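Participant: got a sequence here, can you build the structure:
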Amino acid sequence: MVSAVLVLFVVGCAGGPAQTTRQAGSGMESVAQGELRTEGTNPVQVAASPAVSSNMVVLVANKAASPAAEKEPADQPEEDPFFDPFAKSDEPAGGEEYDPWEPVNTKIFEFNRQVDRWVLKPAARGYNAVVPNPVQIGISNLFYNMRFPSRLINNLAQGKFSGAGTEVGRFLLNSSFGLGGLVDVAKYMDITTPEEDTGQTLGYYGVKPGPYVVLPFLPPFTLRDLVGYVGDIALNPINWLVFPIIEINGVPSLVAHHNRTTSSIAQISGRVEEILNDRSLNLEKFQGVEEATLDLYTAVKNAYIQKRRNAIRE
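Facilitator: Okay, here's the model as predicted:
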């Protein structure tokens with residue numbers, strides 16, 4: 001009897017429409033929402049640890065497998081004239097993910113867990129005590145609404161014109177009737193579409209994921225998604241219309257670029273608020289995941305890569 005354990009973490013890193021369990025990008029950002037199932041499994045939801053991510057759910061399933069009965073040899077299929085025995089598969093052999101920097105990644109992963117345990121989680125508890133839950137959801141919705149340009153551009157870049165139209169409709173509805181995005185009106189009207197980002201666009205055009213990367217205070221990435229993450233920052237209008245990272249000739253901004261101190265403080269404050277708000281929304285989601293998972297690092301890595309692979313295939 002062989003027992004197989006399937007683990008899935010649900011995220012967001014950066015961010016679908018906010019619900020009480022939504023998490024935007026943070027150092028402890030989670031892998032995105034999804035579910036891995038095998039035929040015959042019985043998933044059991046286990047609360048995840050905040051030390052791992054800010055919007056993660058663990059599903060643990062045990063499946064008993066019996067040896068397959070011997071079968072009669074099947075007829076040999078016709079030989080494919082275009083078969084290339086030297087062609088490389090997109091999938092790593094044996095289901096292993098490409099992680100040449102694992103010794104360093106695991107150390108940074110543990111560092112991020114400790115930061116969450118000793119800094120982020122206590123701060124989120126204090127924040128949760130003074131900021132009502134509906135206000136937290138509204139703040140999370142607002143940050144999501146402001147990232148509309150990145151989602152729109154990436155939908156267009158992938159030729160997903162229906163998704164681009166849905167994004168425009170959501171933005172107009174939420175910005176007008178939703179008090180600038182504080183209320184996700186479009187969600188209540190069932191106007192939704194998968195979130196697209198620059199990493200997915202690179203994958204759509206055939207860029208390989210590259211090695212798995214873990215960096216301090218950031219969510220997990222592949223090298224491709226790390227480049228995409230930088231692209232998403234550049235596409236965020238806050239970074240060039242409100243508090244510009246760089247000066248763009250002819251583009252006005254709320255805070256002048258030469259006022260570096262004000263701009264930097266505003267950028268950092270906004271990011272801290274977003275992280276703290278989303279961590280607070282998920283305070284009760286992640287208790288006990290370390291005990292439920294023997295190899296937390298590998299579980300997070302595999303769930304993240306599988307989620308990204310599925311997102312690109314959508």
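Participant: how about residue 182, what does it touch?
Facilitator: Residues counted as contacts of residue 182 (Cβ atoms under 8 Å, 6 or more residues apart in numbering) are 138-139, 141-142. Bear in mind the C-beta positions are built from the backbone N, C-alpha and C, glycine included.
Participant: per-residue pLDDT, residue 79?
Facilitator: The model reports residue 79 with a pLDDT of 50.
Participant: now residue 264
Facilitator: Predicted confidence (pLDDT) at residue 264: the value is 78.
Participant: relative to residue 239, how far out is it?
Facilitator: Between residue 264 and residue 239 the distance is 12 Å, computed by Cβ to Cβ, to the nearest Å.
Participant: and these two? which has more neighbours close in?
Facilitator: For the pair residue 264 and residue 239, the greater number of neighbours falls to residue 239 (17 against 13), based on other Cβ atoms under 10 Å.
Participant: that one and residue 233 touch, don't they?
Facilitator: Yes: between residue 239 and residue 233 there is a contact at 6.1 Å, judged by Cβ atoms under 8 Å.
Participant: which stretches of the stretch 51-200 of the chain have low pLDDT?
Facilitator: 51-96 (pLDDT under 70).
Participant: burial measure for the closest residue to residue 158 other than its chain neighbours, as a count.
Facilitator: Leaving aside its sequence neighbours, residue 158 sits nearest to residue 204 (Cβ to Cβ, 6 or more residues apart in numbering; 4.8 Å). Per other Cβ under 10 Å, the neighbour tally for residue 204 reads 17.
Participant: give me the phi and psi angles of residue 204.
Facilitator: With angles defined as degrees, to the nearest 10, residue 204 sits at phi -60, psi -30.
Participant: so for it, what pLDDT did the model give?
Facilitator: 96.
Participant: for it, list the residues it contacts.
Facilitator: Contacts of residue 204 (Cβ under 8 Å, 6+ apart): 157-158, 312.
Participant: out of these, which is nearest to residue 275?
Facilitator: Of all those, residue 275 sits closest to residue 312, with 26.0 Å by Cβ to Cβ.
Participant: okay, and the closest residue to the closest one other than its chain neighbours sits in which element?
Facilitator: Once flanking residues are discounted, residue 312 sits nearest to residue 203: 3.9 Å by Cβ to Cβ, 6+ apart. Residue 203 is part of helix 198-204, with elements assigned from DSSP states H and E.
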